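S.K.: Need a 3D model of the following:
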Amino acid sequence: MTAKLRAVRDAARPAGTVFGDPYETPDGTTVIPVSHPVGVFVIHDGKVTWEAAVDTTRVLLIGAMTGLMAATLGTLAVLRKPPWPDVVIRRSR
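M.R.: Numbering: from 1, shown residues only. From the prediction side, this is the model:
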């Protein structure tokens, strides 16, 4: 679990409340956790940015596994019944 996601989970309030308590980091940045969608608002030097708490490693892993599975199933389908027509040579009498 990422530090951002942990901060959101730890700062979450009872159901119905979307924003957690803001806290300030040592460098003067104010962080406001948001429970839906999961992420944080970061206020630094007077500018507000949204940072979603997304685990990009998990997203990439799911994408790679989906592609690998699709390639495997496609290969098995072609080996079982090739897309080219059956060619039969018969001698005529």
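S.K.: tell me the SS of the residue positioned nearest the centre of the chain?
M.R.: Centroid-nearest residue in the chain, with CA atoms, centre = their mean: residue 59, separated by 3.3 Å. Using DSSP: H, G, I helix; E, B strand; the rest coil, the structure places residue 59 in helix.
S.K.: So that it lines up with my notes, have the first residue be 3 from now on.
M.R.: That works, and once the first residue is 3, the last one we named lands at residue 61.
S.K.: which residues touch it?
M.R.: Contacts for residue 61 (CB atoms under 8 Å, 6 or more residues apart in numbering) come out as none. C-beta here means a position set from N, CA and C on the backbone, and glycine is covered the same way.
S.K.: For it, give me the pLDDT.
M.R.: Here the pLDDT value assigned to residue 61 is 91.
S.K.: pLDDT (mean, whole number) over stretch 81-90?
M.R.: 78.
S.K.: Any idea how far apart the tips of that stretch sit?
M.R.: Length of stretch 81-90, first residue to last, CA to CA, to the nearest Å: 19 Å.
S.K.: one step back: so the residue nearest to the centre of the chain versus residue 67, what's the distance?
M.R.: To residue 67, residue 61 is 11 Å away according to CB to CB, to the nearest Å.
S.K.: Neighbours of residue 42, how many?
M.R.: By other CB atoms under 10 Å, 21 other residues sit near residue 42.
S.K.: Let me fix that, I meant to ask about residue 36.
M.R.: Quick note: residue 36 (other CB under 10 Å) scores 19 neighbours.
S.K.: Please consider this matter closed, and thank you.
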